[in-house]
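quick one, structure for this:
(2 chains)
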Amino acid sequence: MATGDAAIHASEPHGIAAWLTTVDHKRIGILYLVTAVGFFVISGSLSMFMRAELAQPGLQLMDESTYNQLFTMHGTGMMFLFATPVVAGLANYFVPLHIGAPDVAFPRVNALTYWLYVLGGVVIFSGFLTASGAASFGWTAYAPLSESTYTPGAGADLWIIGLILVGTSSILGAVNLMATIFGMRAPGMTMFRLPIFVWNIIVTMTLIMFSFPVLTAALAALFIDRNFGGGFFDPAQGGDPILYQHLFWFFGHPEVYIVILPFFGVVTEIIPVFSRKPLFGYRGFVFATLLIGAYSFSVWAHHMFTTGAVDNPFFSATSMLIAVPTGVKFFNWISTMWRGKLTFPTPMLFCMGFLFMFLIGGITGVFLASPPIDYAVHDTYYVVGHMHSVLFGGSVFAIFAAFYYWIPKMSGRLMNERVGKLHFWLMLAGFNLTFLPMYQLGIDGMARRIADYPAVSGFEGLNALSTAGSGLLALSIVVFLVNFVISMKRGEQAGDDPWGGNTLEWATTSPPPPHNFRRLPPIRSERPVFDERHGDQLDG
Amino acid sequence: MAEEVRFFLRVALFTIVIATIYWFMSYEEAGTWLLAGIVASAAFFVGIVGVNVRASRRGGRNVKALLGFADTGPDSPLLLEEDGFPLSSAWPAVVSVAAVLVGVGLIYGAWLWIPGVAVASAGAWGWLTETE
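Sure, this is the predicted structure:
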């Protein structure tokens, strides 16, 4: 690092107060990521208790009520307090760097989004401290189960208020990032020179702006039902429980794309770097992303096939169609690697894991889009397996790819490669051991969200296998955390551009100075750093 | 037309088609209204983004100055001169604490939400009067 940059870093405010009052996008990004990993560990620990309970028939560790609270808070924590905030964290840190901007458009609003998120998360989990316990109706909170008649107590209300705070944070953050991308691009950074990660963030933030208000409205109506005598979802008062499902899934299915599209972007940044080739079909990839985003608003009621109250052929057709642009992306990735000079450091390994594991989730999703199959396996462990293939096999593998790829930029130190590869293989084995048996359990008829099953059901062996796999998954996370702590203390210096990257974050120091850049290379393509590095050969 | 505007225009047009098909296949009101909401939101953004893009184009090189870049030639590296972004503020944290007090106060009573409103007012005042 140059002496001038060292002086700039020395002038940064230090200490806890500096972190509590920061409005710098990079620090807020780091706060988001650290807090999200904290919620990941907490929510993952809840799932370990659930898997331990299911390892064999009979109630060993907890009663049904406690089990209901655990799966509710596990789902809520993973979806709202881990996966979505990781998107916010990565976008906060890297979008301004990718577009050559000194910060986000509204730095103080950015800080507000972080604090609303973290305090909202605390409010949600504080339900465990109430007499009635935490919310226990599942992360979907279907009415009338979530009405006060069937789920009394403050834990459920804290869940609703906490989620409204977290949702407000997401909406404000989305507006802020959109304003940043549309209004603060460096000269030369046209829309079709944006890194693919930024395009995916644009689509994701649009989904957030259009879907989270619907969730907020549904939760507000539910809160009014529970506390102020409303009857939005209560049939006895002329309300409609199916309306809640429409509102929830109109948010809920775009939410799946909110927590997967940014990671499509991450993988698309990493694969060309380690293939030593430009991305195959940049514009095709962008339009496939737009199409996925647009379709995601037309598939919501495939979650409601078995209600008998929705138009199954319409939602079946749109749900199957959404596989087409997703397939286009797979061809983009494969064609980028084709005849490339491939290397497989840890970030690339996690990308490979993502491709295969997400493919399992995608294909089983096409099966579920067929109403006859959905009727057979609805609310069984098949759905649990599918969901985790998409969200763990897809999002979480890509999240770790992003961590190994970008932590050197954020910290200035490389993660240990050997331990990183151990983390990858443990996670790959643990993931498949945990979730593949769930498909068979679902086909065999094991219902989800149950704390126990009969000894004569034949579910015992596959459940034991799944529990063993979850132990391996937990071990892989411990390996990552140990690697992170040791690498941050003793890791090799990363330098400005350890991977030979393409995008603008690699044109500045590691970590970047306050307001990011001392200078920017000319921007003439979507790979400005590559252009500058190899400009003479390109001109020749 | 700027790509930023075209982006939201595509969303609006695509959703109009989907909403029309959906209505005539299902005659289901909740979903159709939700889709209509997307169309209206996208149309709103077409307008607001369009106005902003036009204003920034009229400003021409002011965008460069706003971002703090020195006025260099088209092919030379861009140099960052100075910036006017804040480095710290306590008010966002204060406002979010107020939001929690008001929200939780709706469950537990006025002894929480009244202080929440007071803290929110103080936070908003501090935020709006804070200098860069």
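
got the CA coordinates for whichever strand or helix holds A:N92 in PDB?
With elements delineated by DSSP states H and E, A:N92 resides in helix A:84-99, which encompasses its position. These are the backbone C-alpha positions of helix A:84-99, laid out as PDB (Å, rounded to 0.1, in the frame of the first residue of the first chain):
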ATOM      1  CA  THR A  84     -31.400 -10.800   2.300                       C
ATOM      2  CA  PRO A  85     -29.000  -8.700   4.500                       C
ATOM      3  CA  VAL A  86     -26.000 -10.500   3.000                       C
ATOM      4  CA  VAL A  87     -27.200  -9.100  -0.400                       C
ATOM      5  CA  ALA A  88     -27.400  -5.600   1.300                       C
ATOM      6  CA  GLY A  89     -23.900  -6.100   2.700                       C
ATOM      7  CA  LEU A  90     -22.300  -7.100  -0.500                       C
ATOM      8  CA  ALA A  91     -24.200  -4.500  -2.500                       C
ATOM      9  CA  ASN A  92     -23.300  -1.800   0.000                       C
ATOM     10  CA  TYR A  93     -19.600  -2.600  -0.200                       C
ATOM     11  CA  PHE A  94     -19.200  -3.300  -3.900                       C
ATOM     12  CA  VAL A  95     -21.800  -1.400  -5.900                       C
ATOM     13  CA  PRO A  96     -20.100   2.000  -5.400                       C
ATOM     14  CA  LEU A  97     -16.700   0.400  -6.100                       C
ATOM     15  CA  HIS A  98     -18.100  -1.300  -9.200                       C
ATOM     16  CA  ILE A  99     -19.500   1.900 -10.700                       C
END
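
which secondary structure elements does that helix sit against?
In terms of contacts (3 or more C-beta pairs under 8 Å, 6 or more residues apart in numbering or on different chains; DSSP states H and E), helix A:84-99 is packed against helix A:25-54, helix A:107-125, helix A:154-183, helix A:196-227, helix A:241-258, helix A:261-275, helix A:397-411. Heads up, the C-betas are built off the backbone N, CA and C, glycines and all.

centre of the chain versus it, how much separation?
Averaged C-alpha coordinates place helix A:84-99 at 12 Å from its chain's average position (C-alpha atoms, centre = their mean, to the nearest Å).

helix A:107-125 and that helix, what's the angle between them?
For helix A:84-99 and helix A:107-125, the angle between their directions (axes from the mean of the first three to the mean of the last three C-alpha atoms, to 10 degrees) works out to 160 degrees.

now helix A:84-99: buried residues?
For helix A:84-99, a neighbour-count test (16 or more other C-beta atoms under 10 Å in any protein chain shown) marks A:84-99 as buried.

flag the shaky bits of chain A, pLDDT-wise.
Counting by pLDDT under 70, the low-confidence segments of chain A come to A:1-13, A:536, A:538-540.

how about the residue nearest the centre of it, what does it touch?
The C-alpha lying nearest the average C-alpha coordinate of chain A belongs to A:A83 (C-alpha atoms, centre = their mean; 3.0 Å). By C-beta atoms under 8 Å, 6 or more residues apart in numbering or on different chains, the contact list for A:A83 reads A:259, A:391, A:395.

what's the closest of those to A:K409?
A:S395 (20.7 Å; C-beta to C-beta).

the closest one: what's it in contact with?
A:83, A:259-260, A:263.

of those, select the buried ones using a ChimeraX command.
When burial is assessed using 16+ other C-beta under 10 Å, the buried subset of the contacts of A:S395 is captured in ChimeraX by this command:
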select /A:83,259,260,263
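
and which of the contacts of A:S395 is nearest to chain B?
Proximity of the contacts of A:S395 to chain B was ranked by C-beta to the nearest C-beta; the top entry is A:I260 with 18.7 Å.

average pLDDT across the longest helix seen in chain B?
Scanning chain B for the longest helix, with DSSP state H as the assignment, gives helix B:29-59. Over the span of helix B:29-59, the pLDDT mean works out to 90.

from the contact counts, what lies against it?
Packing contacts for helix B:29-59, counted by 3+ C-beta pairs under 8 Å, 6+ apart, involve helix A:154-183, helix A:196-227, helix A:241-258, helix B:3-26.

just want the residue of the stretch 401-540 of chain A that's nearest chain B.
Closest contact between the stretch 401-540 of chain A and chain B, by C-beta to the nearest C-beta, is at A:L520 (4.1 Å).

ok, and for stretch A:464-473, which residues are buried?
Taking 16+ other C-beta under 10 Å as the neighbour-count basis, stretch A:464-473 is seen to contain the buried residues A:465-467, A:469-473.

how about that stretch as CSV, C-alpha atoms only?
Once side chains and other backbone atoms are set aside, the C-alpha atoms of stretch A:464-473 remain, and they are given as CSV (Å, rounded to 0.1, in the frame of the first residue of the first chain):
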residue,chain,number,x,y,z
ALA,A,464,-30.4,-40.3,10.9
LEU,A,465,-28.4,-39.7,7.7
SER,A,466,-29.8,-36.2,7.3
THR,A,467,-28.9,-35.4,10.9
ALA,A,468,-25.4,-36.7,10.4
GLY,A,469,-25.1,-34.5,7.4
SER,A,470,-26.2,-31.4,9.3
GLY,A,471,-23.4,-32.1,11.8
LEU,A,472,-20.9,-32.1,8.9
LEU,A,473,-22.4,-28.8,7.6
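
tell me which residues are up against it.
Residues from elsewhere that reach stretch A:464-473 (C-beta under 8 Å, 6+ apart): A:44, A:47-48, A:51-52, A:54-56, A:426-427, A:429-435, A:437-438, A:441.

what is the neighbour count of B:V100?
B:V100: 21 surrounding residues under other C-beta atoms under 10 Å in any protein chain shown.

go on, A:L20?
Counted with other C-beta under 10 Å, A:L20 comes out at 14.

and for A:P313?
For A:P313, the count of nearby residues is 10 (other C-beta under 10 Å).

same question for the one 10 residues further on.
By the other C-beta under 10 Å criterion, the neighbourhood of A:A323 contains 17 residues.

and for A:I224?
Using other C-beta under 10 Å, A:I224 has 14 other residues around it.

now it. Nearest residue, chain neighbours left out?
In space, A:I224 comes closest to A:G230 once its chain neighbours are excluded; the distance is 3.7 Å by C-beta to C-beta, 6 or more residues apart in numbering or on different chains.

next: A:A105.
The shortest distance from A:A105 to any residue other than its chain neighbours is 3.9 Å, reached at A:A179 (C-beta to C-beta, 6+ apart).

how about the contacts made by that neighbour?
Counting by C-beta under 8 Å, 6+ apart, the residues that A:A179 touches are A:104-106.

same question, A:F274
When the contact criterion is C-beta under 8 Å, 6+ apart, the partners of A:F274 are A:342-345, A:347-348, A:351, A:499.

how about A:F71?
By C-beta under 8 Å, 6+ apart, the residues touching A:F71 are A:46, A:50, A:138, A:449.

surely it forms part of a helix?
Yes - if the criterion is DSSP: H, G, I helix; E, B strand; the rest coil, then A:F71 is within a helix.

got the residues of the stretch 301-450 of chain A near chain B?
Taking C-beta under 8 Å from any C-beta of the partner chain as the test, the list of the stretch 301-450 of chain A residues beside chain B reads A:301, A:310-311, A:313-314, A:318.

is it possible to get JSON lines of those residues that adds secondary structure?
Output for those, formatted as JSON lines (three-state DSSP):
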{"residue": "A:A301", "secondary structure": "helix"}
{"residue": "A:V310", "secondary structure": "coil"}
{"residue": "A:D311", "secondary structure": "coil"}
{"residue": "A:P313", "secondary structure": "helix"}
{"residue": "A:F314", "secondary structure": "helix"}
{"residue": "A:T318", "secondary structure": "helix"}
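
between these, which has the most around it?
A:A301 (28 neighbours).

quick check: phi and psi at the closest residue to that one other than its chain neighbours.
Closest residue to A:A301 apart from its sequence neighbours, by C-beta to C-beta, 6+ apart: A:V310 at 4.0 Å. When read as degrees, to the nearest 10, the backbone of A:V310 gives phi -130, psi 170.
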